[in-house]
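have a look; sequence and predicted model below, questions after that.
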Amino acid sequence: QVQLVESGGGLVQSGGSLRLSCTASGNIFSIDNMDWYRQPPGNQRELVADTNQNGGTNIVEHLKDRFTVSRDDAKNAVYLQIDNVKPEDTGVYYCTAFVRTRKSWPAGQTYWGQGTQVTVSS
């Protein structure tokens with residue numbers, strides 16, 4: 001079984017910074033994409049950033065000036081740095097990963113973490 005655990009959320013004042021972390025554990029053979037989504041209150045879940053196993057990273061266009069994504073394959077971890085946070089960044093942030101286990105290889109599946117709450121006060 002594979003688990004994804006996010007951390008780093010909390011209450012932050014507008015203009016501050018946050019660094020979210022997500023670590024995958026379990027019987028992992030390889031990880032392809034590791035992505036970040038968020039779900040603002042009353043809204044649908046949306047993609048924030050994606051990374052792939054080749055070192056590629058991408059942030060959605062309207063967040064590029066404040067969000068940075070990075071990945072540490074040795075730790076099966078992905079990080080999301082949010083600078084100059086704004087009230088509209090409030091929401092639950094989720095990590096996802098497409099994982100191949102030793103049992104499932106070459107097939108794989110996408111796993112989701114439980115999410116970490118980010119609340120920005122104005």
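Ah, there it is.

quick check: bridge partners of the residue nearest the centre of the chain?
Nearest residue to the geometric centre of the chain (CA atoms, centre = their mean): Trp36, 3.0 Å. Beta-bridge partners of Trp36, counted by DSSP bridges, are Ala49, Cys95.

now His62: how far from Glu46?
Using CB to CB, to the nearest Å, we find His62 at a distance of 11 Å from Glu46. (Each C-beta comes from the backbone N, C-alpha and C, glycine too.)

and the two? Which one has more around it.
Glu46 (12 against 8; other CB atoms under 10 Å).

spit out the contact partners of the more buried one.
Tyr37, Arg38, Gln39, Pro40, Val60 (CB atoms under 8 Å, 6 or more residues apart in numbering).

can you pull the phi/psi pair for the residue of the chain most remote from its centre?
What lies farthest from the middle of the chain is Lys103; by CA atoms, centre = their mean that is 25.0 Å. Main-chain torsions, Lys103, degrees, to the nearest 10: phi -80, psi -40.

which pLDDT value belongs to it?
We have a pLDDT of 91 for Lys103.

was I right to think it contacts Asn27?
Yes. Counting by CB atoms under 8 Å, Lys103 does reach Asn27; the two are 6.7 Å apart.
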